[in-house]
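Participant: Task: produce atomic coordinates for the following.
(chains A and B)
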Amino acid sequence: MIDQLINHLVWPIVYILCITIPLILAVAMFVYWERKVIGWMHVRMGPNKIGPFGLLQAFADVVKLLIKEVILPTTANRFLYYLAPLLTLVPALAAWAVVPFSSKMVLSNANAGVLYLLAMTSMGVYGIILAGWASNSRYALLGAMRSAAQVISYELAMGLCLVCVLVLAGSLNLTDIVNAQAGHKGILDWFWLPLLPVFVIYFISGVAETNRAPFDVAEGESEIVAGFHVEYSGSAFAIFFLAEYANMILVSFLAAVLFMGGWLSPFPSSWGFIGQGGFPWLLIKAFLFSFLFLWFRASFPRYRYDQIMRLGWKVFIPIAIVWVLVAGCLKYFGWVTIGTGV
Amino acid sequence: MSRITHYFKSLLLIELFRGMALTIRYMFKPKYTVRYPMEHIPKSNRFRGLHALRRYANGEERCIACKLCEAVCPALAITIDSAPRESDGQRRTTRYDIDLFKCIFCGFCEESCPVDSIVETSIHEYHFEHRGENVVNKLQLLAIGDRFEKQIAADRTQDAAYR
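Facilitator: Residues are numbered from 1 along each chain as shown, chains lettered A, B, ... in the order given. Next up, the predicted model:
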């Protein structure tokens, strides 16, 4: 009885904490890094006052947000208003359950991992819609509508990109997908090469789905103030913030897992130590992808709403559909080698 | 034909990559930020900041209460009262107030002064904590002059050739 309790309750909770606490810390450091990088790209310094090099800035912001009052607008729906931030955060954290950090390190080695991921990333949109509707503010509602439409449109393109990966890997299990990219040539064995257009589409869709610049019409500071979370303050706002950044990191990790060989080393396996796979490789790859998010934000102006829809429906989805076909051919005629060794 | 090339250009994201190349170059450029309290940008010796009243080397105050500065002040920030000094009967000010909220720091008072008494120093970091502190009186102005005389004199010498 006690053994069962420990095996089925205590250890999973320990594992979950082992993932979520570093994740939340990573979000804090990511916020700092974002402000720093964008500052550098604007030829200024970014935060540099709090702690050495401003490293504690994010924590100071967190403390500030937590001690602020959570204001409930008078006409807001109380229950939904408080539920919405949780509905955004929970899927953003839950999606991490199936992300394989190395060949052994994964919380849940689910067979339908990719489906679970798609489900979880789509769930986040409910939180956004509820937040926009429950705050009973026209800006929030507009932001929520935009965000929902955008997430749903790009979900399609993203799903088709994942289909390409599934076709090549022949599995929905994320660990198997990474193993299918293993080979002796290192970086050349990974799926980004045969699936290059799809890889680009996946990442851009990921940017759009997390409502980040240049697809941040849902926030649109210059037109609708802050979008769906305009009425939120204090810790409720902090939760939205946390969810957004956790989602960004998730998309970066997934790009690394699905297209860039997860924990595999980019060097040929014959190169000895640096040819071996491991968690640090995944971390480096995810870091580079998350840097792209910041790079985009510093480089590109915001898309107009109809341009976003045009890009999603008229460009990405057709290309992705065609590439599903191409991936099928690649697999059927054996033009790509899948999982040769290691 | 140009439509086709344009189509492929946009499909290959060439313009976007060019933009990103630009931003990454800027990321490694030296930053323009001046970390203000620790760093200062160079200041001209003609900088017009906080006012001061100067003295001669023997300690005698320069101001002779001619009221030219009061007359020339476009913002009516200066108020002067004068009377013969009790000890030797010389014409001196009994009151010399400058309202720093009215002052527009045009420097006309300094230009008009025949004895180089009222000057604008290069001090620009000062603040008031209470109502009414914006009006500085003669004693305060003289004190500022005494404290920064070296700097004031150096700035005036440097500029003398162009006057």
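
Participant: From now on I want contacts and neighbour counts done on CA atoms only, so please keep to that.
Facilitator: Will do.

Participant: ok, how many other residues are close to the nearest residue to A:Pro47 once chain neighbours are set aside?
Facilitator: Nearest non-adjacent residue to A:Pro47, counting by CA to CA, 6 or more residues apart in numbering or on different chains: A:Gly54, 5.2 Å away. A:Gly54: 14 surrounding residues under other CA atoms under 10 Å in any protein chain shown.

Participant: Just to check, A:Gly54 is in contact with A:Asn48?
Facilitator: Yes. Contact criterion CA atoms under 8 Å: A:Gly54 and A:Asn48 qualify, at 3.8 Å.

Participant: just the helices in chain B please.
Facilitator: B:2-11, B:14-27, B:68-72, B:108-112, B:138-147, B:149-160 (DSSP state H).

Participant: Which neighbouring elements make contact with the fifth one?
Facilitator: For helix B:138-147, the contact count by 3 or more CA pairs under 8 Å, 6 or more residues apart in numbering or on different chains; DSSP states H and E identifies strand B:51-53, strand B:91-99 as packing neighbours.

Participant: and B:His130, which of the helices of chain B is closest to it?
Facilitator: With CA to CA, the closest approach to B:His130 among these belongs to helix B:138-147: 15.7 Å.

Participant: what's the least confident helix or strand in chain A, going by average pLDDT?
Facilitator: helix A:221-224 (a mean of 73; mean pLDDT, DSSP states H and E).

Participant: quick one, what contacts A:Val217?
Facilitator: A:Gly143, A:Arg146, A:Ser147, A:Asn211, A:Arg302, A:Tyr303, A:Arg304, A:Tyr305 (CA atoms under 8 Å, 6 or more residues apart in numbering or on different chains).

Participant: show me the contacts for the fourth one.
Facilitator: Right, A:Asn211. A:Ser147, A:Val151, A:Val217, A:Ala218, A:Glu219.

Participant: 10 Å instead, please
Facilitator: Going by CA atoms under 10 Å, 6 or more residues apart in numbering or on different chains, A:Asn211 touches A:146-148, A:150-151, A:205, A:217-220, A:244, A:247-248.

Participant: quick revisit: does the residue nearest to A:Pro47 touch A:Val31 like I think?
Facilitator: No. Using CA atoms under 10 Å, A:Gly54 is not in contact with A:Val31, being 11.6 Å away.

Participant: circling back: which of the contacts of A:Asn211 has the largest number of neighbours?
Facilitator: Those, ranked by neighbours (other CA under 10 Å): first place A:Ala218, 30 neighbours.

Participant: which residues touch that one?
Facilitator: A:128, A:139-150, A:211-212, A:224-229, A:305.

Participant: and those residues, which are buried?
Facilitator: A:128, A:139-150, A:211-212, A:224, A:226-229 (16 or more other CA atoms under 10 Å in any protein chain shown).

Participant: picking up where we left off before, can you list contacts of the least confident helix or strand of chain A?
Facilitator: A:Arg138, A:Tyr139, A:Ala140, A:Leu141, A:Leu142, A:Gly143, A:Val217, A:Ala218, A:Gly227, A:Val230.

Participant: can you check stretch B:5-23 too?
Facilitator: By CA under 10 Å, 6+ apart, the list of residues contacting stretch B:5-23 reads A:38, A:40-43, A:197, A:292, A:295-300, A:315, B:1-4, B:26-27.

Participant: Please spell out the ChimeraX selection for the buried subset of those residues.
Facilitator: Those of the contacts of stretch B:5-23 that count as buried under 16+ other CA under 10 Å are selected in ChimeraX with:
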select /A:38,40,41,42,43,197,292,295,296,297,298,299 /B:26,27
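
Participant: Pick out the residue in chain B sitting closest to chain A.
Facilitator: B:Met27 (4.1 Å; CA to the nearest CA).

Participant: Nearest spatial neighbour of that residue, chain-adjacent residues omitted?
Facilitator: Nearest residue to B:Met27, sequence neighbours excluded (CA to CA, 6+ apart): A:Met41, at 4.1 Å.

Participant: List the contacts of the one you found.
Facilitator: With CA under 10 Å, 6+ apart, A:Met41 has these contacts: A:35, A:294-295, A:298-299, B:22-29, B:31.

Participant: so how far is A:Met248 from it?
Facilitator: In this view, A:Met41 and A:Met248 are 20 Å apart by CA to CA, to the nearest Å.

Participant: Get me the contact residues on chain A for chain B.
Facilitator: A:36-46, A:48-49, A:197, A:292, A:295-300, A:315 (CA under 10 Å from any CA of the partner chain).

Participant: cutoff 7 Å now
Facilitator: A:Trp40, A:Met41, A:Val43, A:Arg44, A:Met45, A:Ser299 (CA under 7 Å from any CA of the partner chain).

Participant: For the least confident helix or strand of chain A, buried residues please.
Facilitator: Applying 16+ other CA under 10 Å to helix A:221-224 flags A:Ile224 as buried.

Participant: Next: stretch B:133-151.
Facilitator: Applying 16+ other CA under 10 Å to stretch B:133-151 flags B:134-138, B:140-142, B:144-146, B:148-149 as buried.

Participant: tell me the centre residue of the chain?
Facilitator: I'll assume chain A. What sits nearest the mean C-alpha location of chain A, by CA atoms, centre = their mean, is A:Val251, with 2.5 Å.

Participant: ah, I was thinking of chain B
Facilitator: Mean-position check on chain B, CA atoms, centre = their mean. Result B:Gly49 at 2.4 Å.

Participant: so where's the stretch 151-300 of chain A shaky on pLDDT?
Facilitator: Applying pLDDT under 70 to the stretch 151-300 of chain A flags residues A:220.

Participant: sorry, back to before: got the phi and psi for the residue nearest to A:Pro47?
Facilitator: A:Gly54 has phi and psi values of phi 80, psi 20 when expressed as degrees, to the nearest 10.

Participant: how much space between it and chain B?
Facilitator: Distance, A:Gly54 to chain B, using CA to the nearest CA, to the nearest Å: 13 Å.

Participant: Double-check that residue against A:Lys36; I have them as touching.
Facilitator: No. Here A:Gly54 does not reach A:Lys36: they are 9.0 Å apart, not a contact under CA atoms under 7 Å.

Participant: which residues do the two both contact?
Facilitator: Common neighbours of A:Gly54 and A:Lys36, using CA atoms under 7 Å, 6 or more residues apart in numbering or on different chains, are A:Pro47.

Participant: residue boundaries of the helices in the stretch 151-300 of chain A?
Facilitator: For the stretch 151-300 of chain A, the helices defined by DSSP state H, counting those that start in this stretch cover A:174-180, A:196-209, A:221-224, A:234-259, A:279-299.

Participant: where exactly do the strands run in the stretch 101-250 of chain A?
Facilitator: Using DSSP state E, counting those that start in this stretch, no strands are assigned anywhere in the stretch 101-250 of chain A.

Participant: before we move on, back to that, can you put the helices of chain B in CSV and add distance to A:Cys329 and mean pLDDT?
Facilitator: Converted to CSV, the helices of chain B look like this (distance: least, CA to CA, whole Å; pLDDT from 0 to 100):
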stretch, distance to A:Cys329, mean pLDDT
helix B:2-11, 23, 80
helix B:14-27, 28, 88
helix B:68-72, 89, 92
helix B:108-112, 85, 92
helix B:138-147, 86, 92
helix B:149-160, 81, 90
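
Participant: Kindly reformat the ones you listed as JSON lines containing distance to A:Ile338.
Facilitator: Listed next are the helices of chain B as JSON lines, based on distance: least, CA to CA, whole Å:
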{"stretch": "helix B:2-11", "distance to A:Ile338": "28"}
{"stretch": "helix B:14-27", "distance to A:Ile338": "31"}
{"stretch": "helix B:68-72", "distance to A:Ile338": "88"}
{"stretch": "helix B:108-112", "distance to A:Ile338": "83"}
{"stretch": "helix B:138-147", "distance to A:Ile338": "81"}
{"stretch": "helix B:149-160", "distance to A:Ile338": "78"}
